[in-house]
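**Q** What shape does this take:
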Amino acid sequence: MQKKMGEAVARVARKVNDTVENKTDSLELNLAGNYLHRLPEEVTSLLHLRAINLSRNRFRRFPEPLAAVAALETIDLEENEIAEVPVEKLASMASLRSLNLRANPVGPEVRLLVRPLVPFDLLLSPEEPVPKA
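**A** Sure, this is the predicted structure:
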């Protein structure tokens, strides 16, 4: 199934890249609510992808193929199961402007990320209050 998904993404990527190169459009990919838990490497061939909505899926880790999509400006990963975030890879994404990690069990180290360490807006849910003993 993973191979079929990768082939489908590659076909879409070729069509989109052709369209965008012939015009000056950009692309937003909405894969919200699809029970995805990983992305195929072929997503890196979406050269003109500016925004991707992966909210309400089942990602446990940040989908690392996204770090190789140079034009990506907005990543929505709200309501997943992400606990770990590759901070170094995210910081190297020159076009990234917004990363939504609301409603994810991210670790406390992610909450320490502030500008200028990361050059994008990082959206997180408020911290849960610590119960009093």
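**Q** make it CA atoms for all contacts and neighbour counts henceforth
**A** OK.
**Q** which residue ranges form the strands in this protein?
**A** With strands called from DSSP state E, the chain shows them at 27-30, 49-53, 74-76, 98-100, 121-123.
**Q** Show me which helix runs longest in the chain.
**A** If you go by DSSP state H, the chain has its longest helix at helix 2-22.
**Q** In that helix, which residues are buried?
**A** Across helix 2-22, burial judged by 16 or more other CA atoms under 10 Å covers 6, 9-10, 12-13, 16-17.
**Q** before we move on, what about stretch 111-124?
**A** For stretch 111-124, burial by neighbour count (16+ other CA under 10 Å) applies to 118-120, 122-124.
**Q** what sits up against that stretch?
**A** The contact list for stretch 111-124, computed with CA atoms under 8 Å, 6 or more residues apart in numbering, reads 90-91, 96-104.
**Q** please redo it, this time with the cut-off set to 7 Å
**A** 91, 96-102 (CA atoms under 7 Å, 6 or more residues apart in numbering).
**Q** Nearest to Leu27, out of the buried residues of helix 2-22: which one, please.
**A** Among those, Val16 lies closest to Leu27 (CA to CA), at 7.8 Å.
**Q** for that closest one, what are its contacts?
**A** Counting by CA under 7 Å, 6+ apart, Val16 has no contacts.
**Q** if we can go back for a sec, let me have the strands of the chain in CSV, extended by distance to Arg61.
**A** Listed next are the strands of the chain as CSV, based on distance: least, CA to CA, whole Å:
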stretch, distance to Arg61
strand 27-30, 19
strand 49-53, 15
strand 74-76, 13
strand 98-100, 14
strand 121-123, 16
